[in-house]
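Enquirer: coords please:
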Amino acid sequence: MRIITKRRVERFWESRKTDSTIAERDLSAWLKLAKGADWKNFAALKQTFGSADQVGNCVVFDPGNNRFRLIGRVNYSRGIIYVLKVMDHAEYDKKQWIDTCGCHNPPPRMTTPRTPKGRN
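Expert: Take a look at the predicted model:
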């Protein structure tokens with residue numbers, strides 16, 4: 001799978017004051033597993049990440065055995081995970097991520113690349 005954006009995950013662990021080493025370890029392991037995956041559907045994803053949950057159009061991953069949450073949108077046909085938000089368990093429990101991530105909105109429409117004028 002291609003991960004967009006890995007940098008969002010790295011910024012999260014870099015921002016941690018007390019547990020940055022643990023966050024880096026747990027999220028790096030998640031990145032490695034996700035990058036090496038080839039999921040065709042949510043059932044295949046669950047084979048890799050058994051604690052993952054589908055919430056609307058998003059998938060809630062649980063890296064670090066309940067320490068952290070990673071919200072992503074998975075495009076199985078294109079092999080892409082869009083990382084929308086990474087947070088600790090306390091922030092996740094506030095449930096503000098549901099609205100900010102747009103998990104209950106339809107997925108963004110794919111646009112086709114435009115051909116510049118004068119070219120066929």
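
Enquirer: ok, for Val55, nearest residue in space, not its chain neighbours?
Expert: Cys103 (5.0 Å; CB to CB, 6 or more residues apart in numbering). Backbone N, C-alpha and C define where each C-beta goes, glycine included.

Enquirer: doesn't the one you found belong to a strand?
Expert: No. Under the criterion used here (DSSP: H, G, I helix; E, B strand; the rest coil), Cys103 is coil, not part of a strand.

Enquirer: in contact with it, which residues?
Expert: Val55, Gly56, Asn57, Cys58, Ile71, Arg73, Trp97 (CB atoms under 8 Å, 6 or more residues apart in numbering).

Enquirer: count the neighbours of Asp62 for me.
Expert: Each residue near Asp62 was counted by other CB atoms under 10 Å, and the total is 19.

Enquirer: thought it was touching Gly50?
Expert: No. Judged on CB atoms under 8 Å, Asp62 makes no contact with Gly50 at a distance of 9.1 Å.

Enquirer: buried ones only from the contacts of Cys103, please, as a ChimeraX command.
Expert: In ChimeraX syntax, the buried subset of these is picked out as below (16 or more other CB atoms under 10 Å):
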select :58,71,73,97
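
Enquirer: middle-most residue in the protein, spatially?
Expert: Gly72 (2.7 Å; CA atoms, centre = their mean).
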